[in-house]
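In: here is a sequence together with a model predicted from it:
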Amino acid sequence: MSFPRHRPRRLRRTAAWRDAVRETTLAPDQLVLPLFLVPGDGVADPVASMPGVFQHSVDEAVKVAREAHALGVAGVILFGIPAGKDPEGSAAWDPEGPVCRGLRAIRDEVPGLLRWADVCMCEYTDHGHCGVLTAGGDVDNDRTLPLLARAAVAYADAGADAVCPSDMMDGRVAAIRDALDEADHPETVIVSYAVKYASAFYGPFRDAAHSTPTSGDRRSYQMDPANGREAYLEALADLDEGADLIMVKPAGPYLDVLSSLRDVVDVPLVAYQVSGEYAALKAAAERGWLDGDRVIDESLVAIRRAGARLIITYAALDVARRIRGA
Ligand code: PBG
């Protein structure tokens, strides 16, 4: 078909036509809101590099969760900042830590909202790495697995609908699945951060979660940003080990990875629009250089178009309010 018979503008002329032929939707039930939980009561400390994001005590987080649920947001994913850290990150499985308390409180007060718990050691270890260290300072894969499993079981005990390992140790999904089943949690979902890159876009998160490594970086366990095909290997291995949902992270700079993975695996995909993606858009918007609402919406539609069923985004509440006209 060619011009002048073919005029693609015909279907763009009015809002009614654009609405009628739109391929991709964006709705609150496709969004998951990250929450940073700290000890204490009545705490809502703004995170400087992430406008609109706070560190919340459990009581404050419940209020936010209630609003998220009222707006139709699918769920929340909880990150914890513990009162103290040690070399093995033992606060990760503390049943009185912020994440376990938060899970129980949201379960009791906001039933129906999905409760996800991030599983990783980096917020809990005093060295800031995602696993325990060998004497030589490497991250010890196999000795980390039981610690991750222990944290996952603690979160399932506290009412997590899903546990979400983000540490990138090999074999963690199998270790967690076995431990959950043994602890009588066969129903707990595993959302695996299967395809997680060693990205500089995590910078603001590490301020919010106090999880910057004190030495070195995460390149010996997170994926090399230059590698696309390796995503298949990671995703297929995690599915084989028992992952229910597969995540790609970051989202925006890795849409090619998301899109090609969509053709390779058949589970719903989750994409994480990470702290640096959010911070960059917000900072430009604050300067008046970009229209903040429109670039956020566009960035999320693009992630959906590339193949994500669910998007974890710090903008979930704002976007849901906008969609709902609230
Ligand atoms: C924990 C974890 C990180 C993020 C999610 N889980 C940080 C990291 O790997 O350093 C990043 C999220 C974000 O940047 O928004 N390992």
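Out: Yes, it's here. Numbers count the residues shown, from 1 in each chain.

In: now do the helices in the stretch 1-150 of the chain.
Out: If you assign secondary structure with DSSP state H, counting those that start in this stretch, the helices in the stretch 1-150 of the chain sit at 15-21, 58-70, 98-109, 141-157.

In: what parts of this protein come near the ligand?
Out: Asp118, Cys120, Cys122, Cys130, Ser166, Tyr202, Phe205, Arg206, Ser211, Arg218, Val274, Ser275 (Cβ under 6 Å from any ligand atom). In this view, the C-beta of every residue, glycine as well, is placed from N, C-alpha and C.

In: of those, which belong to strands?
Out: Asp118 (DSSP state E).

In: for the residues of the chain next to the ligand, which one is nearest Leu11?
Out: Nearest to Leu11 out of those is Val274 (Cβ to Cβ; 34.4 Å).

In: can you tell me how far the closest one sits from Ile303?
Out: 11 Å (Cβ to Cβ, to the nearest Å).

In: the two - which one has more neighbours?
Out: The neighbour comparison of Val274 against Ile303 (other Cβ atoms under 10 Å) goes to Ile303, with 29 against 26.

In: these two touch, right, Val248 and Val195?
Out: Yes. Under the criterion of Cβ atoms under 8 Å, Val248 makes contact with Val195 at 4.5 Å.

In: between these two, which contacts overlap?
Out: Jointly contacting Val248 and Val195 under the rule Cβ atoms under 8 Å, 6 or more residues apart in numbering are Ala231, Tyr254, Val257, Leu261.

In: any idea how far the residue in the stretch 101-250 of the chain that the ligand sits nearest to lies from Pro253?
Out: Nearest to the ligand, among the residues of the stretch 101-250 of the chain, is Phe205, at 3.1 Å (Cβ to the nearest ligand atom). Here Phe205 is placed at a distance of 15 Å from Pro253 (Cβ to Cβ).

In: neighbour count winner among the two?
Out: Phe205 (24 against 15).

In: so what's Thr134 up against?
Out: Asp140.

In: in this structure, what secondary structure element scores lowest on mean pLDDT?
Out: None of the helices or strands of the chain scores lower by mean pLDDT, DSSP states H and E than helix 203-209, at a mean of 91.

In: for it, which positions count as buried?
Out: By 16 or more other Cβ atoms under 10 Å, the buried positions in helix 203-209 come out as Pro204, Phe205, Arg206, Asp207, Ala208, Ala209.
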